[in-house]
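turn this into a structure:
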Amino acid sequence: MSVFNDTKIAFSDKSDAELRKAFWMFKLIEQPALTKIGTSILNFSVHNNVPFAGDIVKYTLFAQFCGGETREESTKVVNKMFKHGVGSIFDYSIEGKEEESAFETAFAEIKENIKFAEGNPAIPFVVFKPTAFGRIDLYAEVGSGKELTSSEKEEWQRIEYRFDEVCKMAFEKNVMLMADAEETWMQHAADELLFEMMKKYNQQKAIIWNTIQMYRTGRLEYLEKDLKRAEDYNFYLGYKFVRGAYMEKERAHAAENNYPDPIQPTKEATDINYNAAVDFTLNHLDRVSAFFGTHNEKSTELVMDKMREKGLENNNKHLYFGQLYGMSDNITYVLGEKNYNVSKYLPYGPVKDVVPYLTRRAQENTSVKGQTGRELGLISKELKRRKNS
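Modelled structure (predicted):
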């Protein structure tokens, strides 16, 4: 029996009404056709200011997957979860913006999050998306070695400046700062920027962290190369390991642009790759710290088993776990109960601006095999347990 089946612990801070609402949310998401139509209507309605559309989103998808519209509003959720040993990672979830004003807003927001996290054990990490600081097409051009125009060079310098400023602030305030991974065609430039930031600010420990998508091919080779560079320059590595979130988009882009598919051929190959990243970390704890971002119970239990085999404390300072807010509470809260370092990614932002994130979340739940059914089964089990007790 899985260690993650204890629904009393999993839903200890949810009321019956909240559980029933979550049940119907996942029930709707379970239908791919309905999800596709529903998310299209929501996107259209919110962006065209259809009356009450924002309210519908706020009390359904937004309430399930977001902490609030602002950092301060989300603090209620932060405090509630921290009582159960679960940290929060504020995720300013604005996607798809391409104006300089939006980049400056995100830049200011991340700096405020770093200040907010300073000395606060309930917020162990701050996170940002590279494309919150600059255009995805520019990352792609830089990563492919294309010659930039003078205006593009200035634009890239602004991205470098934003990276360095938030990393410097994180270093000065002793706050771990994590950059999310995004589409493969922009990732090389982001990886190289983060390598420079790690080299500069990770001299004593892992303050700046990169994210590695293990559904990609070649990532184990990348880790080995990064480790060699870290040893050569004598700095520490911090990685968040995830499977990945852009599979269909990646395959379509590769086919359209006539280059090899960058994604592992099967789910099993991705799982093997992810588990290999677990071994990589635990074999190099003198140099590598890891955050295992996963909703996969087997992978989570594998890390726990290997930690036990090596005689490591549950709250070892180099090892962290995390899941998205609104999902996999059965994993998160059990880890918190057992004193592991565990956090929820806690998205926030104005409802209208967060809709692209929410629709992606709904579509991912539909496409990940078994995820939604697992959520429904656990919620049903807990409601039944409460009724019987």
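
Y345 pairs with what?
I89, L324 (DSSP bridges).

just to check, it is in contact with V127?
Yes: look at Y345 against V127 with Cβ atoms under 8 Å: they come within range, at 7.2 Å. To be clear about C-beta, it is placed using only N, CA and C from the backbone, and glycine gets the same treatment.

common neighbours of those two, please.
Each of 89, 91 lies in contact with both Y345 and V127 under the rule Cβ atoms under 8 Å, 6 or more residues apart in numbering.

the residue nearest to A122 when sequence neighbours are not counted: how many residues sit nearby?
Distance criterion Cβ to Cβ, 6 or more residues apart in numbering; nearest residue to A122, sequence neighbours excluded, is F82 at 4.1 Å. F82 sits with 17 neighbouring residues when counted by other Cβ atoms under 10 Å.

ok, F82 - contacts?
F82 neighbours (Cβ under 8 Å, 6+ apart): 88, 121-122.

just give me the closest of those to T60.
S88 (21.6 Å; Cβ to Cβ).

what count of nearby residues applies to the closest one?
With other Cβ under 10 Å as criterion, S88 counts 27.

would you confirm that it contacts K76?
No: the pair S88 and K76 does not pass the contact test of Cβ under 8 Å, sitting 10.8 Å apart.

circling back to that earlier point, what's the pLDDT at the residue nearest to A122?
Note on F82: pLDDT of 97.

in the stretch 51-200 of the chain, which ranges drop under the pLDDT threshold?
51-54 (pLDDT under 70).

quick one, strands of it?
In the stretch 51-200 of the chain, the strands defined using DSSP state E, counting those that start in this stretch lie at 86-92, 125-128, 176-179.

centre of the chain versus the last one, how much separation?
Per Cα atoms, centre = their mean, to the nearest Å, the displacement of strand 176-179 from the mean C-alpha position of its chain is 11 Å.

before we move on, what about the first one?
Using Cα atoms, centre = their mean, we find the averaged C-alpha position of strand 86-92 to lie 10 Å away from the chain's own average C-alpha position.

list the buried residues for it?
86-92 (16 or more other Cβ atoms under 10 Å).

show me what it packs onto, helices and strands only.
helix 71-82, helix 100-117, strand 125-128, helix 329-337, strand 342-348 (3 or more Cβ pairs under 8 Å, 6 or more residues apart in numbering; DSSP states H and E).

what residues of the fourth one count as buried?
Residues of helix 329-337 classed as buried by neighbour count (16+ other Cβ under 10 Å): 329-337.

if we can go back for a sec, of the buried residues of strand 86-92, which pair is most distant in space?
V86 and Y92 (19.8 Å).

could you pull out the helices for the stretch 101-250 of the chain?
136-143, 150-173, 184-201, 219-233, 247-257 (DSSP state H, counting those that start in this stretch).

so which of these gets nearest E313?
The closest of the helices of the stretch 101-250 of the chain to E313 is helix 219-233. By Cβ to Cβ, the value is 23.8 Å.

what sits against E95?
Counting by Cβ under 8 Å, 6+ apart, E95 makes contact with 129, 131, 356-357, 360.

re the thing from before, and the helices of the stretch 101-250 of the chain: which comes nearest H284?
Shortest distance between H284 and these, using Cβ to Cβ, is found for helix 219-233: 6.3 Å.

okay, angle between the closest one and helix 184-201 too, please.
20 degrees (axes from the mean of the first three to the mean of the last three Cα atoms, to 10 degrees).
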